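[1] structure here, sequence nowhere to be found:
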Ligand SMILES: Nc1nc2c(ncn2[C@@H]2O[C@H](COP(=O)(O)OP(=O)(O)OP(=O)(O)O)[C@@H](O)[C@H]2O)c(=O)[nH]1
């Protein structure tokens, strides 16, 4: 590559000016969590879905105290089409003390082995478990939980296609927080009779630190405008430089790596010919780069995997 990288100038910590942007826990999530706890008695197995790009920071650790522990539990790390598969053994090793059953899935691939494996694994765990109050129940019921936008609905649809030859029982959307506090019981298999309780995505009420919050935002589990697109893009640039991922130079045709987000966003908006016409102090029209537009382009590029296959928690593995 002809481009220049100057690592000495990169930031080693990310300073968030306004920490209030990460204090976000809408009321419907609190209500959703309560309803999930109330329904635990009618459930035989928990399927906890998270984003494989943030296998450590992206998990809602509160589930451990509220939902998990009693029923058989499977951790699903979804969106593996967006991660470097070489890191999967490291992720497994890192999680092995906390989760006995970890399955990696890509809901965009109908042939995904993880999706195929999930239902037989759930059946097996339920059969081997003490079903307590549900020992006489004829049907089996799983509950799917996770933070927003990790692919819970996509997984339900993928499993229904496999087992019932029917999909789309539940809405899939790119905006986080689509599934609200209502819990739907969805048929997953006729014989044996299996249902899935679909639940709303629940974030932890207190995000541990700014980096965790920004990783959650980058993976679209918090709505962008609540954090601010420029802040999310700046965190992405910081992370890419710090971890030696310089593909963004190729993606945005930059001559050299830089840690200056305004520089990157300006170059993107100029290349996309996205300029804002505004009046200056002397009331004359001037053109300024549309930085918000450029920040959205940069974030979208990461989310689509155009910057490469990335695990944002690679330094925590
Ligand atoms: N690349 C990729 N995208 C996925 C995968 N699974 C789901 N998505 C996308 O992720 C977004 C969210 O998917 P949903 O299935 O609606 O997620 P959810 O967890 O039900 O979302 P909430 O209802 O907000 O909690 C959608 O744009 C899906 O197309 C996957 O395995 N790989």
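    Yep, it's here. Since this is a predicted model, take the numbers as computed values, not measurements.
[2] how's this structure carved up into domains?
    If you go by automatic domain parsing, the domain ranges for the chain are 7-19+207-316, 25-197.
[3] lowest average pLDDT across those?
    Lowest mean pLDDT within those: domain 25-197, at a mean of 86.
[4] figure out how far it is from the centre of its chain.
    14 Å (C-alpha atoms, centre = their mean, to the nearest Å).
[5] number of residues surrounding the residue lying closest to residue 229 once chain neighbours are set aside?
    The shortest distance from residue 229 to any non-neighbouring residue, by C-beta to C-beta, 6 or more residues apart in numbering, is to residue 295 (3.9 Å). No exception for glycine: its C-beta is placed from N, CA and C like everyone else's. Applying other C-beta atoms under 10 Å, we find 24 other residues in the vicinity of residue 295.
[6] what are the boundaries of the strands in the stretch 1-150 of the chain?
    With DSSP state E, counting those that start in this stretch as the criterion, the stretch 1-150 of the chain has strands at 45-51, 73-78, 102-104, 140-146.
[7] so which of the domains of the chain comes closest to the ligand?
    For those, the distance to the ligand is smallest for domain 25-197, at 3.1 Å, taking C-beta to the nearest ligand atom.
[8] could you tell me which residues of the stretch 201-317 of the chain lie near the ligand?
    Where the stretch 201-317 of the chain comes near the ligand, counting by C-beta under 6 Å from any ligand atom, the residues are residue 201.
[9] pick out the residue of the stretch 201-317 of the chain closest to the ligand.
    Among residues of the stretch 201-317 of the chain, the one nearest the ligand by C-beta to the nearest ligand atom turns out to be residue 201. It sits 2.8 Å away.
[10] roughly how far apart are that residue and residue 86?
    Residue 201 sits 29 Å away from residue 86, going by C-beta to C-beta, to the nearest Å.
[11] again, but for residue 212
    Going from residue 212 to residue 86 by C-beta to C-beta gives 24 Å.
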